[in-house]
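>>> The sequence and its predicted three-dimensional model are supplied below.
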Amino acid sequence: MTSSTQHAQNRNSHGLDQFFASIRERSGLSILDLAGASQANITFITQLGHKLYSDDILRTLSASFGTDSEFLTRQAEPQRAEYFLQQSLDFPDDTFDGALVWDTLQFLAPPLLQLTVDRLSRVLRPGAYMLSFFCADEKAKAIPVNSYRIQDSKTLNLVPRGETRPAQFFNNRAIERLFHDFQSVKFFLTRDNQREVIARR
């Protein structure tokens, strides 16, 4: 993962809006946020009456597989893959009512990618929604890595964390196959070439 000199910026998010619309009439839910602990996210979600569990899954990725050119190759090593899953998603089944996965999945190579989605499916309760982002530019040699800070139910603040080589290109069909165990998958294409994906468990 290389460093970036880009500055933080706000952008509208239809996916985020859909995620919060799905829980708008409810309270006391448990939400998983994989962007790492953020005061903005904690404040916003707890003020809605929900509990938030935060984990910096990108940091766990780096700790598990390194940050050099062998990053994707090491993901095929069973012991490293199991360490990653235990450190990032070691929760009982049906723990969460929603998950904010952000852009993490596009940095995972098969078969770890499918193992991670399957683990997410297990820890989500039936009917729960999951939000994830994928780069829609199939020619991109490197894609930005961001931390995501919730400004309001429709707006995100993107804090650059560098850029990295994508594990693969995800078109709509590939994403639908990835979430084959989910009830439904909905896509939103943003102006900055991101696919925002809402998957319902």
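Nice, I can see it. As the structure is a prediction and not an experimental result, all values here were calculated from the model.
>>> Helix, strand, or coil at residue 99?
Assigned state for residue 99: strand (three-state reduction, DSSP: H, G, I helix; E, B strand; the rest coil).
>>> can you pull the contacts of it?
Shown here is residue 99, whose contacts under the criterion CB atoms under 8 Å, 6 or more residues apart in numbering are 31, 32, 33, 34, 120, 123, 124, 128, 129, 130, 131. In this view, the C-beta of every residue, glycine as well, is placed from N, C-alpha and C.
>>> Just give me the neighbour total for the first one.
Same thing as residue 31. Residues within reach of residue 31, counting by other CB atoms under 10 Å, total 22.
>>> Local confidence estimate at it?
At residue 31 the predicted local distance difference test score is 98.
>>> need the contact list for the closest residue to it other than its chain neighbours.
For residue 31, the nearest residue in space outside its immediate sequence neighbours is residue 98; the separation is 4.8 Å by CB to CB, 6 or more residues apart in numbering. Residue 98 sits next to 19, 22, 23, 29, 30, 31, 32, 124, 128, 129, 130 when contact means CB under 8 Å, 6+ apart.
>>> quick one: low-confidence ranges for the chain?
Counting by pLDDT under 70, the chain contains low-confidence ranges at 1-6.
>>> how about a cut-off of 50?
In the prediction, the chain carries residues with pLDDT under 50 at positions 3-4.
>>> Against residue 130, how distant is the residue nearest the centre of it?
Closest residue to the average C-alpha location of the chain: residue 101 at 2.1 Å, with CA atoms, centre = their mean. Between residue 101 and residue 130 the distance is 6 Å, computed by CB to CB, to the nearest Å.
>>> which neighbours do the two share?
Listed contacts common to residue 101 and residue 130 are residue 120; contacts here mean CB under 8 Å, 6+ apart.
>>> ok, residue 129 - how many residues close by?
Burial of residue 129 is recorded as 24 neighbouring residues (other CB under 10 Å).
>>> I should have written residue 13 there, sorry.
Close neighbours of residue 13, defined as other CB under 10 Å, add up to 25.
>>> for residue 17, same thing?
Quick note: residue 17 (other CB under 10 Å) scores 17 neighbours.
>>> returning to that earlier point: quick one: which of the contacts of residue 99 is nearest residue 57?
Distances from the contacts of residue 99 to residue 57 were compared by CB to CB; the smallest belongs to residue 34, at 4.2 Å.
>>> quick one, phi/psi of the residue of the chain most remote from its centre?
Relative to the average C-alpha location in the chain, and by CA atoms, centre = their mean, no residue lies farther out than residue 25, which sits at 23.7 Å. Backbone torsions of residue 25, given as degrees, to the nearest 10, read phi -90, psi 10.
>>> And residue 78, by the same measure?
phi -50, psi -40.
>>> that older thread, take the contacts of residue 98 and write them to JSON lines, including distance to residue 50 and secondary structure.
As requested, the contacts of residue 98 are exported to JSON lines (distance: CB to CB, whole Å; DSSP: H, G, I helix; E, B strand; the rest coil):
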{"residue": "19", "distance to residue 50": "12", "secondary structure": "helix"}
{"residue": "22", "distance to residue 50": "12", "secondary structure": "helix"}
{"residue": "23", "distance to residue 50": "7", "secondary structure": "coil"}
{"residue": "29", "distance to residue 50": "4", "secondary structure": "coil"}
{"residue": "30", "distance to residue 50": "7", "secondary structure": "strand"}
{"residue": "31", "distance to residue 50": "5", "secondary structure": "strand"}
{"residue": "32", "distance to residue 50": "11", "secondary structure": "strand"}
{"residue": "124", "distance to residue 50": "14", "secondary structure": "strand"}
{"residue": "128", "distance to residue 50": "12", "secondary structure": "strand"}
{"residue": "129", "distance to residue 50": "13", "secondary structure": "strand"}
{"residue": "130", "distance to residue 50": "15", "secondary structure": "strand"}
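>>> Okay then, goodbye and thanks.
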